[in-house]
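[1] what would the 3D arrangement of this be:
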Amino acid sequence: MTTTLQPTAYDKLMTRAAKLTRITYIALLILALVAPMLGLYPVFVMKLLCFAIFACAFNLLLGFTGLLSFGHAAFFGSAAYVTGWFIKSQGWTPELGIAAGVVASGLIGLVVGAVAIRRQGIYFAMITLAIAQMVYFVCLQASFTGGEDGLQGVPRGALFGLISLESDTTMYYLVVAVFVACFLVISRIVHSPFGQVLKMIRENEPRAISLGYQVDRYKLLAFALSAALAGLAGSLKTLVMGFATLSDVHWSMSGEVILMSLLGGVGTFFGPVFGAGIVISLQNLLADKVGSWVTVIIGVIFVMCVLTFRKGVVGELQAYLERRRRAATGQDA
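    Here you go, the predicted model:
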């Protein structure tokens, strides 16, 4: 005699939530693909996607490993300079320039991480900030960076020497493809056994140590991966905008990526993308109207969000859905 297990209300809600998530992602992907046809300015959307990659890279470190870095601008900006210099001065193709930027930021991440992970909490954050300021000083003084003027007029070139990226439309679809690839890679990392160990370290590091995990190695690898992905965002930004400046390595850039992650929801997949969209959209819409006051307005929005949405917009939405699932489980029981 066989018995058929009926799905519980909890199972139904989980299935419905998974379907809704997939539908949302597919809808957003379709929207991204048709955005130029809808009249959206391609350069603006490309900039938004570059910073979304940056925020997702930072979230991999803070949201899933529990390490707060105040110096991620060092990786974003150093990759921007390296890519710009190789493409403009050495005549490299864009894919090689981007690869050089990613490798450079990853190596810097390994060095910074090896020093910083020896400390925890605010001491870890302060070490990353101090080293990032050193990188800023190097970019200010080095001859190849252009000093205060930065690197200007970086050409987009031709992808693999075949596909010209001078057209905004062609460049746009390259950025979309890279963003989707990064999003999938981060998702894969988080759901892998390696990602589960990172989350265990975030929740209870002494427990992870007691189970025999080499915690410092995991944190160092997570730091380097986050740095390399942040560098990818900086390299793409240079290619899109055609320049790399000191603002890319300034400490305020590190503050912006923290703001993006917190607004959207730390520890969520789509939260940093949503937060990047809010910050970049406000900067784009308000910069010409209110000038430097845009920083004050974004700060007020951030304070309101922290007071009302402690887990970020996406984080609060996920928490609400989780409460519904628990209620359904209680009713089922």
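[2] any idea how far the helix or strand residue 296 falls within is from the middle of the chain?
    According to DSSP states H and E, residue 296 maps onto helix 293-308. Relative to the centre of its chain, helix 293-308 is centred 20 Å away, using C-alpha atoms, centre = their mean, to the nearest Å.
[3] would you mark the buried spots in that helix?
    Using 16 or more other C-beta atoms under 10 Å as the test for burial, helix 293-308 gives 294-295, 298, 302, 305. Bear in mind the C-beta positions are built from the backbone N, C-alpha and C, glycine included.
[4] and the residues you listed, which is closest to residue 119?
    For the buried residues of helix 293-308, the closest approach to residue 119 (C-beta to C-beta) belongs to residue 302, at 26.9 Å.
[5] show me what contacts the closest one?
    Residues near residue 302 by C-beta atoms under 8 Å, 6 or more residues apart in numbering: 259, 262-263.
[6] most neighbours among those, which one is it?
    Counting neighbours by other C-beta atoms under 10 Å, the top entry in the contacts of residue 302 is residue 263, with 27 neighbours.
[7] so that one sits in a helix?
    Yes: assessed by DSSP: H, G, I helix; E, B strand; the rest coil, residue 263 belongs to a helix.
[8] surely it touches residue 312?
    Yes: contact criterion C-beta atoms under 8 Å: residue 263 and residue 312 qualify, at 5.9 Å.
[9] shared neighbours of the two, anything?
    271, 274-275, 305.
[10] follow-up on the earlier one: any chance of a markdown table for the contacts of residue 302, columns pLDDT?
    Formatted as a markdown table, the contacts of residue 302 follow (pLDDT from 0 to 100):
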| residue | pLDDT |
| --- | --- |
| 259 | 89 |
| 262 | 89 |
| 263 | 88 |
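[11] thinking again about what came up before, closest to residue 115 out of the buried residues of helix 293-308?
    residue 302 (29.8 Å).
[12] I'd say residue 95 and residue 157 touch.
    No: here residue 95 does not reach residue 157: they are 9.1 Å apart, not a contact under C-beta under 8 Å.
[13] for the stretch 201-333 of the chain, give me the ranges with low pLDDT.
    291, 328-333 (pLDDT under 70).
[14] do you have the helices of it handy? List them.
    In the stretch 201-333 of the chain, the helices defined using DSSP state H, counting those that start in this stretch lie at 205-210, 215-241, 251-264, 271-290, 293-308, 313-332.
[15] tell me which of these lies nearest to residue 91.
    Residue 91 lies closest, by C-beta to C-beta, to one member of the helices of the stretch 201-333 of the chain: helix 215-241, at 14.6 Å.
[16] from residue 193, how far off is the residue nearest to residue 180 when sequence neighbours are not counted?
    In space, and not counting its chain neighbours, residue 180 is closest to residue 29: 6.9 Å by C-beta to C-beta, 6 or more residues apart in numbering. Note on residue 29: its distance to residue 193, by C-beta to C-beta, to the nearest Å, is 28 Å.
[17] neighbour-wise, which of the two wins?
    Set residue 29 next to residue 193 and count neighbours by other C-beta under 10 Å: residue 29 wins out with 14 against 7.
[18] show me what contacts the residue nearest to residue 50 when sequence neighbours are not counted?
    In this structure, residue 50 finds its nearest non-sequential neighbour in residue 237, 4.3 Å apart by C-beta to C-beta, 6+ apart. Counting by C-beta under 8 Å, 6+ apart, residue 237 touches 47, 50-51, 76, 80, 244, 248.
[19] same thing but 7 Å
    Shown in contact with residue 237 (C-beta atoms under 7 Å, 6 or more residues apart in numbering): 47, 50, 80.
[20] ok, residue 247 - how many residues close by?
    Other residues lying near residue 247 total 13 when counted by other C-beta under 10 Å.
[21] actually residue 154, sorry about that
    Number of residues near residue 154 (other C-beta under 10 Å) recorded here: 24.
[22] distance of it from residue 86?
    10 Å.
[23] now swap in residue 101 and tell me
    Taking C-beta to C-beta, one finds residue 101 at 8 Å from residue 86.
[24] out of the two, which sits in the busier spot?
    Each of residue 101 and residue 86 has its neighbours counted (other C-beta under 10 Å); residue 101 has more, 32 against 23.
[25] hmm, residue 81 and the more buried one touching each other?
    No: using C-beta atoms under 7 Å, residue 101 is not in contact with residue 81, being 8.1 Å away.
[26] which helix or which strand is home to residue 111?
    Applying DSSP H and E, one finds residue 111 within helix 94-116.
[27] how far away is the residue nearest to residue 268 when sequence neighbours are not counted from residue 323?
    Among residues not flanking residue 268 along the chain, residue 314 sits closest, at 4.7 Å (C-beta to C-beta, 6+ apart). Using C-beta to C-beta, residue 314 is found at 15 Å from residue 323.
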